[in-house]
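[1] Sequence isn't available, so here's the structure alone:
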Ligand SMILES: *Cc1c(COP(=O)(O)O)cnc(C)c1O
């Protein structure tokens, strides 16, 4: 289906009944907004479920979901209701006072995870910053380590603040931002010998490994699932040495994997984990969750003005409850299977271009051959022209992270579009 046909089949009209066709002026946007993003040439202004519309009225099937964030898709009634209710009641007050919605959300998270205590902030990077600060304080005060080291992995992604780009094991995110934050050391992912070596080598003078910060499945770094064996050995090493095990669940958590938390896939519980992207369904919120024994912050030691405000917590609670009441995890598992099965059919149809299909639930990657010219960006651009939003995860992996409410028919449509896109790109 061409874009024109797509538009004809799904004309959208404004409230006055006229067809929307205002062209978006990207030049005026770029004149005033910092160019931190390479943007695709479309401006989105409306959404419903797994569909979004641009300013020209073109409809797209959204398999990006704000990068694994819009858990319940767009304009979900439960979110509309929660936002409206909170705005009418109370949307922001300081953490100098008790905030009932914050307590309720924390209770839900604690009752549905291995954690005992929650700290709220506004993003994934902030949640990881909080975890890094907590781990350092734990190291100083409990483990008696003078110079604590945090191990992270190659190809990881932990955010864009100074400490979290340092934690991120990808030089491209660190370039020109040095001096970086001291106290991090990198090991290859899914390689237990490297962790053992690092722990013994770094046990010198005042330096010692205090924590391991790791994603159960690397999202940004190419949709790479963790090995069960590796993670179980990590847990064992941490139990033996007292090193804290911290999971970054910012992308894979909140049901995206088909289980509520990615660690459930690995049969291993962390001491600390972080959540953000999917937690508020698109309303900004982050959380750092810890076990009781490593809950070391005292009043005044860490804070966030917006963190855990009534609006964000009221909406996130509605997202959590909807996820549970509508048994959305079941849908994630079914649709994930359907998507991977379909992508594997395409991998066998285009064996000279697609080398791998992998993922859990509704976080999946389709990897292109390394030695061909075709890039993930080429596929994503072509898919946009066919009415499907996708996002790369590195130069060769196309990421599929639709809202968790995606339907069987929508997954089929996405697969048909990817098939058409591959057919056109591979005959060039
Ligand atoms: C997106 C992401 C982050 C950063 O989250 P922000 O909300 O952009 O700060 C951290 N860790 C992982 C695994 C992510 O995918």
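    It's in. These figures come from a predicted structure and were not determined experimentally.
[2] ok, how many other residues are close to residue 419?
    By the criterion of other C-beta atoms under 10 Å, residue 419 has 16 neighbours. Where C-beta positions appear, they are placed from N, C-alpha and C, glycine not excepted.
[3] and what of residue 191?
    Neighbour number of residue 191 under other C-beta under 10 Å is 14.
[4] who's in contact with it?
    Contacts for residue 191 (C-beta atoms under 8 Å, 6 or more residues apart in numbering) come out as residue 230.
[5] residue ranges for the helices of this structure, please.
    Counting by DSSP state H, the segments of the chain that form helices are 3-9, 26-32, 65-68, 77-89, 100-111, 124-141, 162-167, 192-201, 228-241, 263-266, 310-325, 328-349, 376-385, 408-426.
[6] Of all these, which one comes closest to the ligand?
    helix 124-141 (2.2 Å; C-beta to the nearest ligand atom).
[7] Can you list the buried residues in that closest one?
    Using 16 or more other C-beta atoms under 10 Å as the test for burial, helix 124-141 gives 124-139.
[8] If you count contacts, what does that helix end up packed against?
    Judged by 3 or more C-beta pairs under 8 Å, 6 or more residues apart in numbering; DSSP states H and E, the packing partners of helix 124-141 are strand 117-121, strand 147-153, helix 162-167, strand 207-214, strand 244-248, strand 272-275, strand 286-290.
[9] Roughly how far does residue 407 sit from the ligand?
    According to C-beta to the nearest ligand atom, to the nearest Å, residue 407 stands 25 Å off from the ligand.
[10] Can you lay out the helices of the chain as a markdown table showing mean pLDDT?
    Listed next are those as a markdown table, based on pLDDT from 0 to 100:
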| stretch | mean pLDDT |
| --- | --- |
| helix 3-9 | 37 |
| helix 26-32 | 95 |
| helix 65-68 | 98 |
| helix 77-89 | 98 |
| helix 100-111 | 98 |
| helix 124-141 | 98 |
| helix 162-167 | 98 |
| helix 192-201 | 96 |
| helix 228-241 | 98 |
| helix 263-266 | 97 |
| helix 310-325 | 98 |
| helix 328-349 | 98 |
| helix 376-385 | 98 |
| helix 408-426 | 97 |
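[11] For residue 117, which of those is the nearest?
    Of all the helices of the chain, it is helix 100-111 that lies closest to residue 117, at 7.4 Å by C-beta to C-beta.
[12] thinking again about what came up before, turn the helices of the chain into a markdown table, columns for distance to residue 175.
    Shown next, in a markdown table, are those (distance: least, C-beta to C-beta, whole Å):
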| stretch | distance to residue 175 |
| --- | --- |
| helix 3-9 | 37 |
| helix 26-32 | 23 |
| helix 65-68 | 22 |
| helix 77-89 | 38 |
| helix 100-111 | 36 |
| helix 124-141 | 18 |
| helix 162-167 | 10 |
| helix 192-201 | 24 |
| helix 228-241 | 29 |
| helix 263-266 | 32 |
| helix 310-325 | 33 |
| helix 328-349 | 33 |
| helix 376-385 | 20 |
| helix 408-426 | 30 |
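[13] filter the buried residues of helix 124-141 down to the ones close to the ligand.
    Checked against the ligand using C-beta under 6 Å from any ligand atom, the buried residues of helix 124-141 yield the following neighbours: 124, 125, 128.
[14] Start and end of stretch 391-411, how far apart?
    16 Å (C-alpha to C-alpha, to the nearest Å).
[15] same thing with stretch 23-38?
    Length of stretch 23-38, first residue to last, C-alpha to C-alpha: 19 Å.
[16] is it anywhere near the ligand?
    No - interface with the ligand: stretch 23-38 contributes nothing (C-beta under 6 Å from any ligand atom), its closest point being 11.8 Å away.
[17] Run through who's touching that stretch.
    Contacts for stretch 23-38 (C-beta under 8 Å, 6+ apart): 39, 41, 42, 43, 54, 55, 56.
[18] Now, of the residues you listed, which are buried?
    Judged by 16+ other C-beta under 10 Å, buried ones among these: 42, 54, 55, 56.
[19] what would the residues you listed look like in a markdown table with pLDDT and distance to the ligand?
    Shown next, in a markdown table, are the buried ones among the contacts of stretch 23-38 (pLDDT from 0 to 100; distance: C-beta to the nearest ligand atom, whole Å):
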| residue | pLDDT | distance to the ligand |
| --- | --- | --- |
| 42 | 94 | 21 |
| 54 | 97 | 23 |
| 55 | 96 | 25 |
| 56 | 95 | 28 |
